[in-house]
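Peer 1: Structural data only, the sequence is not supplied:
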């Protein structure tokens, strides 16, 4: 006749006790919190920054009548450089970048021209230190446009 001790010793199943349950819940909570932090700090700002970059790229196809293709190409290329070099996704949070994207969408819903470009540069100067620092190239952009524009390789009609 087998004793109850023998039956318990022959079990091969996994025991999941209170401590194991607590440890599993703790690990899951840390993982969720870590993902939330990563999402707020890196993923969401990156998505918003990419959305803004796509909007800025769309400017190339919307040349105002009072500018030559090369002049508008310079304005758009310098503005794309502003976006790429200001590191907005590391210097502003996702909410700030999202609000900038919303303001930009409204601004681009109408006609675009050099006033639009200047507005964008002003917004970047306000939202992040990299954008403020990049303002030193604004005069260089203006000079290039005044001299007929550059050859940046953008497809501007």
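Peer 2: Sure, I can see it. Quick caveat, the model's predicted, so the values are computed rather than measured.
Peer 1: Give me the most central residue, this structure.
Peer 2: When the chain is reduced to its mean C-alpha position, the nearest residue by C-alpha atoms, centre = their mean turns out to be residue 49, at 2.0 Å.
Peer 1: thought that residue was touching residue 90?
Peer 2: No: with contacts counted by C-beta atoms under 8 Å, residue 49 stays clear of residue 90, the gap being 9.3 Å. For the C-beta atoms, the positions are set from N, CA and C on the backbone; glycine is no exception.
Peer 1: tell me which residues in the host helix or strand of residue 81 are buried?
Peer 2: Element membership of residue 81 [criterion: DSSP states H and E] is helix 69-86. If you call a residue buried by 16 or more other C-beta atoms under 10 Å, then helix 69-86 has these buried ones: 70-80, 82-83, 86.
Peer 1: for stretch 56-63, same thing?
Peer 2: Neighbour counts using 16+ other C-beta under 10 Å place 56, 59-60, 63 of stretch 56-63 among the buried residues.
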